[in-house]
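# the sequence and its predicted three-dimensional model are supplied below.
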Amino acid sequence: MTDAIEVRGLRKTFGEVVAVDDVSFSAATGRTVGLLGGNGAGKTTIISMLLGLLTPTAGNVRVLDHDLATDRYAVLPRMNFSSPYVDLPHRLTVEQNLLVYAELYGEPAPRERVRELAEHLQFAELLGRATGKLSAGQKTRVSLAKALINRPEVLLLDEPTASLDPDTGDWVRRYLEDYRDRTGVSILLASHNMGEVERLCDDVLMLRRGRVVDRGAPAELLARYGRQTLEDVFLDIARERRSGDRLEAVQ
Amino acid sequence: MTGASPDASLPFRRPQVGPLASARRVGAMVRRYWYLIRGSWPRVAELAYWPTIQMILWGLISQFFTAHSHWLADAAGVLIAGVLLWDILFRGQIGFSICFLEEMWSRNLGHLFVSPLRPWELLAALMTMSVIRTTIGAGIAATIAILLYSFSLFDLGLPLVAFFVALMLMGWGMGMVIVAMVLRYGLGAESLAWVALFAFAPISCVYYPVSTLPDAVQWLAWSTPSAYVFEGMRAVMVDHVFRWDLLAGALALDAVYMAIGAAVFAWAFAAARRDGGLLQTGE
C-alpha cells in the first residue's frame, strides 16, 4: 500500500513560538489518520502546511507522490479540505458558491455535480439560500459538499463536526465513513472529538505543544495507556500524566 | 443514513491542466464577483453614484467657467472629460481592490488558495472585474453627461480607448500594491483602497497642465502615467492633435507600475504563506 501523505521533519515557527516541531508521519492510501490534541497543539498548523497555505520552516511534505514545496499545483486539484474556520462567501447562495468551486476544480458538469452532492448530503432545498443564513449544521454539510466537489483523493478535515449537535455530528461521521469505504479516499482528520477519532481513524497521532507525543491505532493507544476511552488517553497526555514511562520515552 | 454515494464510480478523475483550465478558473472567479454585483442593487448603484455626482458637479462648474474663460470656452468639456477619465482610473483601481477585499471580508482566501487557483489567475479575475465595474460606473456617468451637458466623452474617438487602457493599467498596478498591503497587514489597511489614489490627484494634473505645477515637482507628475494621459486628453481637446509621445510615455510607466505591483504582491503573498496570513484574514 502506497502512502498518500508523507511528512518528514515538519517544523513551523512564528518568531520565537514553535507551533510544530519535528513532526513525521505518513498516511497510507485509503486510510484515515487522526490528529488529536488540545487547543494550540498544532493540528490546524499541520493541516495548513499540508494544504500549502503555510510554508514550513523546515521539513518536507509529499502528497500523492508530489513534493508540496515544488509541485503544489500538480496535487491541489486532487485534494480538498473542510474547516469550520474558513468560510464560504455569505452573500452568495449555496448553489453559486458550489458552482464557483466546481469550476475552479475543473468539474466537467458543474451544475449536475452540485445537484448530485446536494441531494446526497440532503441540502437540495438550501441551494437557493444565502450561505450566511444557514445554521451550523447546514453550513457543515455545504462545506463538506465543497470539500467533495472535485472527488478528492486526499481529504483534509479540520474539526468537521465542531459546534454541531450530537445528531448532526453523528450524521456527518456516518457520511464520512460511508464515503471513505466506497471511494477509498485518504483522510487526515484533526479533531477534539475523541469518539469521532476512535470511530473514523485507523491511526492516531497524539499532539501536544506541536510535537507528536504518541501514535498508534486507537485500540493500541487504549491498551498502552490502560484506558477505556481515547478521551482518557487524551487527558493523560494533555495533563502530562504518564502511563508508565511511555510519554517520557516518546518525548 | 445516506444512500449510495455519487462517487462510488471512482477511480478519481485526473485534473485538467493547460491554458483552457486556467481560463476557466479565471472565469469562475469573475462569475463569483458577478454574482455579488448581480445580487445587490445597492452595489450597482454604488458603482454609478460617485462618478455621476462628480460629473454633475464639475459639469456645472464647467458651465460657469466656460462663460468666463476663453480657454475653457475653446475647449468645452475639458473639465468633464477630466472628471470622467479620472474616474476611470479610480474605478479601475478600486474595482480591483474591492473584489480582493470581498475575499478578505468573507474569510474565503483559505478555500481559494487550496484550490488549483494560481495567484496570477486571481489577479487576472480582479482585472477583468475592474474593467466590468469601471465600464458600468463610468459608462452611466458618461451617458448622463451627454443628457445633461451635451458632452460626449465618446467624441474623443480612438484616443479614448488608449486613455482607458493606460489608466486601467495604472489602476491595476496600484491595486496590486494595495492588495499586497492588505494581505500583509490585514484589514486594518483596507482604507488604502479608497484613499491611496488621491495622493496622485494633484500630480496627475487632471484639470490643469503639468506646467502649472512648480518646477521642482513637475518631475513627480511625469513619473505618473496619469499625467501623460491628461496632457494627452488636453492635446486632443484643445489642440486637436493626438500625441503619440504622451501615450508611449504613459504605457512605458504603466509597465513599470505593473511590474512593481506584481513584485510587491508576490512578496506579500509569500509573506502571508509564511506567517499564516491566508488563514487569519481579519484585522
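Nice, I can see it. Please read these numbers as outputs of a predicted model, since none were measured by experiment. Numbers count the residues shown, from 1 in each chain, chains lettered A, B, ... in the order given.
# contacts (any at all) between chain B and whichever helix or strand residue A:143 is part of?
According to DSSP states H and E, residue A:143 maps onto helix A:136-148. Yes. Using CB under 8 Å from any CB of the partner chain, helix A:136-148 reaches chain B at A:146, A:148. Every C-beta, even on glycine, is put in place using the N, C-alpha and C of the backbone.
# elements contacting that helix?
Helices and strands touching helix A:136-148, by 3 or more CB pairs under 8 Å, 6 or more residues apart in numbering or on different chains; DSSP states H and E, are strand A:79-82, helix A:94-104, helix A:110-120, strand A:154-158, helix A:166-183.
# what segments of the stretch 51-200 of chain B are helices?
B:70-74, B:78-105, B:109-112, B:119-149, B:158-185, B:192-195 (DSSP state H, counting those that start in this stretch).
# can you tell me which of those is packed in deepest?
Compared across the helices of the stretch 51-200 of chain B, helix B:78-105 shows the largest average neighbour count, a mean of 24 (mean count of other CB atoms under 10 Å in any protein chain shown).
# that helix and chain A, any residue contact?
Yes. Helix B:78-105 reaches chain A (CB under 8 Å from any CB) through B:102, B:103.
# got the angle between that helix and helix B:158-185?
30 degrees (axes from the mean of the first three to the mean of the last three CA atoms, to 10 degrees).
# give the contact list for the residue nearest to the spatial centre of chain A.
Closest residue to the average C-alpha location of chain A: residue A:157 at 2.2 Å, with CA atoms, centre = their mean. Neighbour list for residue A:157: A:81, A:82, A:83, A:147, A:176, A:187, A:188, A:189, A:190, A:191 [criterion: CB atoms under 8 Å, 6 or more residues apart in numbering or on different chains].
# what comes up buried for stretch A:151-160?
A:151, A:152, A:153, A:154, A:155, A:156, A:157, A:158, A:159, A:160 (16 or more other CB atoms under 10 Å in any protein chain shown).
# how about the third one, phi and psi?
In this entry, residue A:153 is assigned phi and psi values of phi -90, psi -20 (degrees, to the nearest 10).
# residues contacting it?
Residue A:153 sits next to A:4, A:64, A:78, A:79, A:185, A:186, B:12 when contact means CB under 8 Å, 6+ apart.
# confidence score at the nearest residue to residue A:230 once chain neighbours are set aside?
Spatially, and ignoring its direct neighbours in sequence, residue A:230 is nearest to residue A:194 (4.1 Å; CB to CB, 6 or more residues apart in numbering or on different chains). pLDDT for residue A:194: 83.
# so how far is residue A:46 from residue A:194?
For residue A:194, the distance to residue A:46 (CB to CB, to the nearest Å) stands at 18 Å.
# okay, the two: which has more neighbours?
Comparing residue A:194 with residue A:46 by other CB atoms under 10 Å in any protein chain shown, the one with more neighbours is residue A:46, at 30 against 19.
# who touches that one in this structure?
A:7, A:10, A:20, A:23, A:35, A:190, A:207.
# what secondary structure does the second one sit in?
It refers to residue A:10. In three-state terms, and counting by DSSP: H, G, I helix; E, B strand; the rest coil, residue A:10 is strand.
# neighbours of it, how many?
24.
# how about the last one?
For residue A:207, the number of neighbouring residues by other CB under 10 Å comes to 27.
# next one: the fifth one
Neighbour count for residue A:35, taken as other CB under 10 Å: 27.
# can you verify it is assigned to a helix?
No. Residue A:35: not assigned to a helix; according to three-state DSSP it is strand.
# list the beta-bridge partners for it.
residue A:190, residue A:205 (DSSP bridges).
# and it, how close does it get to residue B:32?
31 Å.
# for the first one, same thing?
When CB to CB is applied, the distance between residue A:7 and residue B:32 equals 32 Å.
# try residue A:117
Distance from residue A:117 to residue B:32, by CB to CB: 18 Å.
# please apply the same query to residue A:19.
32 Å.
# give me the more crowded residue out of those two.
Between residue A:19 and residue B:32, counted using other CB under 10 Å, the more crowded position is residue B:32 (26 against 21).
# tell me which element the more buried one falls in.
Going by DSSP H and E, residue B:32 is in helix B:19-38.
# list the contacts of that helix.
A:89, A:91-93, A:96, A:99-101, A:103-104, A:106, B:15-16, B:43-44, B:47, B:99, B:102, B:115-118, B:121-122, B:124-126, B:128-129, B:132-133.
# low-confidence stretches in the chain?
Here I'm looking at chain A. By pLDDT under 70, the weakly predicted segments of chain A are A:1, A:240-251.
# chain B was what I was after
B:1-15, B:71-76, B:280-283.
# does any bit of stretch B:111-119 sit next to chain A?
Yes. Applying CB under 8 Å from any CB, one finds stretch B:111-119 touching chain A at B:111, B:112, B:113, B:114, B:115, B:116, B:117, B:118.
# need the residues of the stretch 151-251 of chain A near chain B, please.
A:151, A:152, A:153, A:174, A:175, A:178, A:179, A:182, A:183, A:184.
# mind redoing it with 6 Å?
Within the stretch 151-251 of chain A, the residues that sit near chain B (CB under 6 Å from any CB of the partner chain) are A:151, A:153, A:174, A:175, A:178, A:179, A:182, A:183.
# from residue A:112, how far off is the fifth one?
Pointing back at residue A:178 there. Distance from residue A:178 to residue A:112, by CB to CB: 21 Å.
# who has more neighbours, those two?
Remark: of residue A:178 and residue A:112, residue A:178 carries more neighbours, 17 against 12, as counted by other CB under 10 Å.
# if I look at that one, how far off is residue A:121?
11 Å.
# go on, residue B:55?
50 Å.
# okay, these two: which has more neighbours?
residue B:55 (26 against 23).
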